[in-house]
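A.B. asks: Below are the sequence and a predicted model; questions follow.
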Amino acid sequence: ILNLINSKSGSDHDDRFSVWPVYFSRDTGEAETSYRAVFPLYGDISGRFGQARLKWVLFPLYTRYENDTEITTATPWPFIKTVTGDGHRGFEVWPLAGQREETGVSRRQYLLWPLIFIRHDNLDTNEPSHRGGILPFYTTETSAGYRSETYLWPFFGYSDRTSPTHYHSTNYFW
């Protein structure tokens, strides 16, 4: 019915039923992978909505989502977040300020989101990349063989690429 009520029964004992966006259930015959959730009251589900595990209690008062080794807890969502996990850490008071880090891999910071930001990626490789900006006045992006700067974003700027081929562009009024 307009994709709001869904049911799936599989021969692999994986039965799912949903009444979007209020009720979600999965029965696999095993307690660790089966669930029943009533949104926004309570839910503890796995393998759904792009998350390894998603839990909420009186959403948006408490939300926790897990992916691989990163665990993000929001109380209340999306304003106050903590990030923990294997090599992950961070804290955000959105939209005022925030910082996230995957040790040795990436680091992101912002103030007055999205106006002031700094992002460092691929720190564990030979080609790290860096982005930053104070919108709408200035943005920059650098990586191995590449540099771009924009002034009075998005109107004036330039891009230089030296690897793998040489390229230069200058932008006036976008």
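C.D. replies: Yep, that arrived. Numbers count the residues shown, from 1 in each chain.
A.B. asks: And residue 137, how close does it get to residue 61?
C.D. replies: Residue 137 is 37 Å from residue 61, where distance means CB to CB, to the nearest Å. For glycine as for every other residue, the C-beta is placed from the backbone atoms N, C-alpha and C.
A.B. asks: Quick one: residues contacting residue 45.
C.D. replies: 24, 26, 35, 37, 53, 54, 55 (CB atoms under 8 Å, 6 or more residues apart in numbering).
A.B. asks: Just read off the phi/psi values of it.
C.D. replies: phi -120, psi 160 (degrees, to the nearest 10).
A.B. asks: and what of residue 47?
C.D. replies: phi 60, psi 40.
A.B. asks: filter the contacts of residue 45 to the buried ones?
C.D. replies: For the contacts of residue 45, a neighbour count by 16 or more other CB atoms under 10 Å gives the buried set as 24, 26, 35, 37, 54, 55.
A.B. asks: And for the closest residue to residue 87 other than its chain neighbours, the neighbour number?
C.D. replies: If the residues on either side of it in the chain are set aside, residue 87 comes closest to residue 103, at 4.3 Å by CB to CB, 6 or more residues apart in numbering. Residue 103 has 12 neighbouring residues, counting by other CB atoms under 10 Å.
A.B. asks: Please tell me how far residue 103 sits from residue 13.
C.D. replies: 40 Å.
A.B. asks: so the nearest residue to residue 18 once chain neighbours are set aside is in which element?
C.D. replies: Among residues not flanking residue 18 along the chain, residue 6 sits closest, at 4.6 Å (CB to CB, 6+ apart). Using DSSP states H and E, residue 6 sits within strand 5-8.
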